[in-house]
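Undergrad: Kindly generate the corresponding structure for this input.
(2 chains)
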Amino acid sequence: MKVTNNKRIPEPNIPVNTLGIVQLTRFGDLIQTAQAVEELKKNNPEFRIVLIARSQFAKPLDFILKKVFDKIYYLDTKKIFMNSEISGISTSVSTLNSLLSEINAESIEVLINLSFSKSSSYLSSLIKSVHKIGPFFDLENKMQINDKWSQILYATVMRGVLNPFTLVDLFKNIIGIKSSDFKNTNASSSSRNNSIVIHPFASQERKAWKAEKWVEVIYRTLRDNEQCTLKIVGAKNEVLKSHLITENPLLKSFGGRIQNLTGKTTLAELSDELKKAKLFVGHDSMVGHLAALNKTITLTVSLGSVRPHETTPYHENAYNLAPRTKCFPCFPTDSCSFNQCHHDIPYQVVSSAIKQLFDKGEINNDWAKSSISSFHTSSVNFYRTHFNKGQMSLESLIETHVDSPDIFRSLYKVAWSFVINDYEENLPFPKLNPTTHRELLDALTGLQHLFELSEFGKKYSHYILEEISSQTPSIVKIKDYSKKIDEIDHLQSLVLKTSPNLAPIVDYFVIRKANLFGDSIVKLTESSYYSYMECSSLCSILFELIENTISEHKNSIGKTTSRSEANKG
Amino acid sequence: MDMQKIDFNREISRIKHSLDNGTALSEEDIKIILLSVLSEEDLHESNQ
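TA: Residues are numbered from 1 along each chain as shown, chains lettered A, B, ... in the order given. Got it, this is the predicted structure:
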């Protein structure tokens, strides 16, 4: 007997969820966006993910982006503004309209703007989607950021030095990608040749050493590693700068071992070179991110306005040298004529690190302690990346150098993860010295003030709600309570004068309060109440973490036998 | 004569005026603002 089923029940037509990612910024941000989305795609292969990016940055990276995104919409301003100087903006509007109709035909469920620029925020407001994450403008021309991780990104990235999250992890948190164990081992070394790729340039002068310093590094690298060849890479506009290095008399005898590829490769070809190389060395730029995609060991020299904790190439084999200069990292708008941070990273440290990475493929604390002179390391922080539950952080290879921002970043990482993601981050107690101990004590006072102010904020928000729900609400009273709330917000910002390390909390709650939910006084006041409540709870968590850190420090001092050892703790 | 500049100046001042009067932005207004911002960003990019 045979059973046949000619009338099979058709599979239900399950609608595909479409996610739109807006990333209008440059190459490096696009690569980091692709790294974040790659994980989303792995976890949710059923999603259709489309990217909206500027054509001049996205097209050269098509070889990466097309593997991750189902469709890419290119915002081509050359096309949009073609002939507009003669014909005006009407044709620009129609070209933009055609692009928007194509994007809007996607029926996007969730639009996520990861670029935090004005243009991306206006574009996001024009794209139709059921939900919007990240910044967009409302019809009153006011920027709206409704999700908490985007608010954290807006409040902390490129603001100070206390953001504990890498850009890729922030993107992952914004998108809502669940962290998983990150397995990213080096590609087999047998498939790699003895080349080191060097990108000695950056988008801004303050982020890159002058040619002479790179000449010293290259000279020592070639002298000390007879097997290796160097490939200098860069863009077309960096060709002249590359000649300043390759034509230096000091490198004349090594001519045959230096290949200058500056301006000669496409990004796809550059990616192939990185895939074959044993090591990548350079400043903070998209080349490092490209190396990370190819699992090539990276050594980054961070200078100027670079924030190593945000933009170190996202992979397990990344090393970062950053100066301990007081003004590092600066802001792109700060004026600087001397570039002290450029002098604070000795080229000897870079060439020693290159030799070790080229020979052994790894640097650990023991090597850093025994092989680099403390005279040279006194002015640098040397970090290695570490992954814990899918999130990357930087660990210091020079243990004695745990400074105040390092400690606060750890504390913020624990606090943000707990308050926003309800996730318990397990980090060891940071080791304190007298300076960091004092700064933590100062922060305790600031936190107490912030906590009390938030409690007042809750109280006055509650008074407003009570007044509104009374039988005869008094407008005068409601106005008085609102004034009190304004005063509280002002006083919260004043706390920063004595406790600057609390800036991430204050800045976050400024953004949070500027984006209260609701279309009525009741809803807005409720939202205000919850934001003060969140501030109180963040302050309590940080307070407890700092108290415990100080207790641990005191215990460790108690255990030590000599005064000198106690000071080290 | 740069027609793009003239158009942007005229449209942006109209939009500013209507915002000052409490009128909400229309989708067409946002498109004009977006184009103006993109054009500024392109100019900044080419100066780098």
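
Undergrad: For the rest of this, base every contact and every neighbour count on C-alpha atoms.
TA: Will do.

Undergrad: count of residues packed around residue A:424?
TA: Residues near residue A:424, counting by other C-alpha atoms under 10 Å in any protein chain shown, number 13.

Undergrad: which residues does it contact?
TA: A:414, A:417-418 (C-alpha atoms under 8 Å, 6 or more residues apart in numbering or on different chains).

Undergrad: and it, that one's in a strand?
TA: No: counting by DSSP: H, G, I helix; E, B strand; the rest coil, residue A:424 is located in no strand; its state is coil.

Undergrad: so which strand or helix has the nearest residue to residue A:313 once chain neighbours are set aside?
TA: Nearest non-adjacent residue to residue A:313, counting by C-alpha to C-alpha, 6 or more residues apart in numbering or on different chains: residue A:289, 4.9 Å away. Element membership of residue A:289 [criterion: DSSP states H and E] is helix A:286-293.

Undergrad: Quick one: mean pLDDT for that helix?
TA: Across helix A:286-293, pLDDT averages out at 97.

Undergrad: Give me the distance from the helix or strand just after it to the chain's centre.
TA: Following helix A:286-293 in sequence order, the next helix or strand is strand A:297-301 (DSSP H and E). Counting by C-alpha atoms, centre = their mean, to the nearest Å, strand A:297-301 is centred 16 Å from the centre of its parent chain.

Undergrad: unless I'm mixing things up, the residue nearest to residue A:313 is touching residue A:28, no?
TA: Yes: Residue A:289 lies in contact with residue A:28 (C-alpha atoms under 8 Å); the separation is 6.5 Å.

Undergrad: how far out from the middle of the chain is the helix holding residue A:289?
TA: Chain-centre distance of helix A:286-293: 14 Å, with C-alpha atoms, centre = their mean.

Undergrad: Please tell me I have it right and residue A:324 contacts residue A:377.
TA: No: with contact defined as C-alpha under 8 Å, residue A:324 does not reach residue A:377; the gap is 9.5 Å.

Undergrad: quick one, which of the two is more surrounded?
TA: Neighbour count, other C-alpha under 10 Å: between residue A:324 and residue A:377, residue A:377 has more, with 22 against 19.

Undergrad: In contact with that one, which residues?
TA: Contact analysis of residue A:377 by C-alpha under 8 Å, 6+ apart lists A:349, A:398.

Undergrad: Next, give phi and psi for it.
TA: The phi/psi pair for residue A:377 (degrees, to the nearest 10) reads phi -80, psi -10.

Undergrad: Same question for the one 10 residues further on.
TA: Backbone geometry at residue A:387, expressed as degrees, to the nearest 10, gives phi -110, psi 130.

Undergrad: Report how many residues lie close to it.
TA: 18.

Undergrad: What distance do you get for it to residue A:550?
TA: 26 Å (C-alpha to C-alpha, to the nearest Å).

Undergrad: quick check: angle from the helix holding residue A:289 to strand A:297-301?
TA: 160 degrees (axes from the mean of the first three to the mean of the last three C-alpha atoms, to 10 degrees).

Undergrad: Touching helix A:286-293 from outside, list them.
TA: Defining contact as C-alpha under 8 Å, 6+ apart, one finds that helix A:286-293 is touched by A:27-29, A:31-32, A:35, A:199, A:271, A:274-275, A:280-282, A:297-298, A:300, A:313-315, A:318.

Undergrad: In strands only, show me those residues.
TA: A:199, A:280-282, A:297-298, A:300, A:318 (DSSP state E).

Undergrad: Which of the residues you listed sits closest to chain B?
TA: residue A:199 (18.8 Å; C-alpha to the nearest C-alpha).

Undergrad: Okay, and the beta partners of the closest residue in space to that closest one that isn't next to it in sequence?
TA: Excluding the flanking residues, the one nearest residue A:199 by C-alpha to C-alpha, 6+ apart is residue A:282, at 4.6 Å. Judged by DSSP bridges, the bridge partners of residue A:282 are residue A:199, residue A:300.

Undergrad: ok, residue A:282 to residue A:200 distance?
TA: When residue A:282 is compared with residue A:200 (using C-alpha to C-alpha), they lie 5 Å apart.

Undergrad: For my notes, confirm residue A:338 occurs in a helix.
TA: No: according to three-state DSSP, residue A:338 belongs to no helix; its state is coil.

Undergrad: How much space separates it from residue A:206?
TA: For residue A:338 relative to residue A:206 (C-alpha to C-alpha), the value is 10 Å.

Undergrad: who's more crowded, the two?
TA: Neighbour totals were compared for residue A:338 and residue A:206, and residue A:206 leads with 20 against 9 (other C-alpha under 10 Å).

Undergrad: If we ignore the residues flanking it in sequence, what's nearest the more buried one?
TA: Using C-alpha to C-alpha, 6+ apart, the nearest residue to residue A:206 is residue A:304, at 5.0 Å.

Undergrad: host element of the one you found?
TA: For residue A:304, there is no host helix or strand (DSSP H and E).

Undergrad: which ones are touching it?
TA: With contacts defined as C-alpha under 8 Å, 6+ apart, residue A:304 is in contact with A:206-208, A:328-332, A:339, A:341-342.

Undergrad: Those residues in helices, which ones?
TA: Among these, the ones falling in helices (DSSP state H) are A:341-342.

Undergrad: Which positions in chain A make contact with chain B?
TA: Selection of chain A residues close to chain B by C-alpha under 8 Å from any C-alpha of the partner chain yields A:77, A:81, A:84-89, A:92-93, A:96, A:118-119, A:122-123, A:126, A:139-141.

Undergrad: mind redoing it with 7 Å?
TA: Counting by C-alpha under 7 Å from any C-alpha of the partner chain, the residues of chain A close to chain B are A:84-89, A:119, A:122-123, A:126, A:139-140.

Undergrad: Point out where the stretch 451-569 of chain A drops to low pLDDT.
TA: A:559-569 (pLDDT under 70).

Undergrad: For chain B, give me its nearest residue in it.
TA: Closest point on the stretch 451-569 of chain A to chain B, by C-alpha to the nearest C-alpha, is residue A:519, at 15.5 Å.

Undergrad: what about residue A:281, how many neighbours?
TA: Using other C-alpha under 10 Å, the number of residues around residue A:281 comes to 23.

Undergrad: Report pLDDT for it.
TA: Residue A:281 carries a pLDDT value of 98.

Undergrad: what's the nearest residue to residue A:545 if we skip its chain neighbours?
TA: With C-alpha to C-alpha, 6+ apart, the residue lying closest to residue A:545 is residue A:411, at 6.9 Å.

Undergrad: Tell me which helix or strand the one you found sits in.
TA: Going by DSSP H and E, residue A:411 is in helix A:404-421.

Undergrad: what residues does that helix touch?
TA: A:161-164, A:423-425, A:430, A:436, A:538, A:541-542, A:545 (C-alpha atoms under 7 Å, 6 or more residues apart in numbering or on different chains).

Undergrad: In the top helix by length along chain B, which residues are buried?
TA: Assignment by DSSP H gives helix B:27-47 as the longest helix of chain B. Buried residues in helix B:27-47, defined by neighbour count with 16 or more other C-alpha atoms under 10 Å in any protein chain shown: B:29-39.

Undergrad: What pLDDT does the model give residue 10?
TA: Answering for chain A, as no chain was given. Looking at residue A:10, its pLDDT is 62.

Undergrad: Wait, chain B was what I had in mind.
TA: For residue B:10, the predicted pLDDT is 96.

Undergrad: The one 10 residues further on too?
TA: At residue B:20 the predicted local distance difference test score is 95.

Undergrad: Distance of the residue nearest to residue A:206 relative to chain B?
TA: Separation of residue A:304 from chain B (C-alpha to the nearest C-alpha, to the nearest Å) stands at 17 Å.

Undergrad: sorry, back to before: just the closest of the contacts of residue A:304 to residue A:151, please.
TA: Top of the list for closeness to residue A:151, among those and by C-alpha to C-alpha, is residue A:331 at 20.1 Å.

Undergrad: Give me the neighbour count for the closest one.
TA: 15.
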